[in-house]
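Peer 1: just a sequence and a predicted model for now, questions to come.
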Amino acid sequence: METTQNKTSETTQNKTPEATQSKTPEATQSTESFKVTGNWATKSQELKSQYSTLTDSDVKFETGKESELLGRLQTKLGKNREEVIALIKQTETIQA
């Protein structure tokens, strides 16, 4: 019986790192695939009006530095990356 339990534990241990590794590239892809489009000045003003804690330096954006922008917004708003991206995308629908 001990042999069966040991094999089960080994199998479980082997699957856990693989599952973690398969999720890592997906997270990296979503990070790299986000690009700021449209008029950022308008979007940033909308975000600042929705979240009064945001400052000009929080929403400052430089082309190619989306990750830095998202990181600042995540920290300031206490939200995860996907939530921040959703907030930015909501400003696009508000402007339309």
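Peer 2: Thanks, I have it. Being a predicted model, the structure only gives us computed values, none of them experimental.
Peer 1: Three-state assignment for Asp58, please.
Peer 2: Assigned with DSSP: H, G, I helix; E, B strand; the rest coil, Asp58 falls in the coil class.
Peer 1: how about Thr63?
Peer 2: Classification of Thr63 by three-state DSSP places it in coil.
Peer 1: where's it relative to Trp40, distance?
Peer 2: 9 Å (Cβ to Cβ, to the nearest Å). C-beta coordinates here come from the backbone N, C-alpha and C atoms, glycine included.
Peer 1: compare those two (neighbour count), which wins?
Peer 2: Legend: neighbour count by other Cβ atoms under 10 Å for Thr63 and Trp40, higher for Trp40 (18 against 8).
Peer 1: isn't that one up against Phe61?
Peer 2: Yes: in this structure Trp40 lies within contact range of Phe61 using Cβ atoms under 8 Å: 5.1 Å.
Peer 1: can you list residues touching both of these two?
Peer 2: Shared contacts of Trp40 and Phe61, defined by Cβ atoms under 8 Å, 6 or more residues apart in numbering, are absent.
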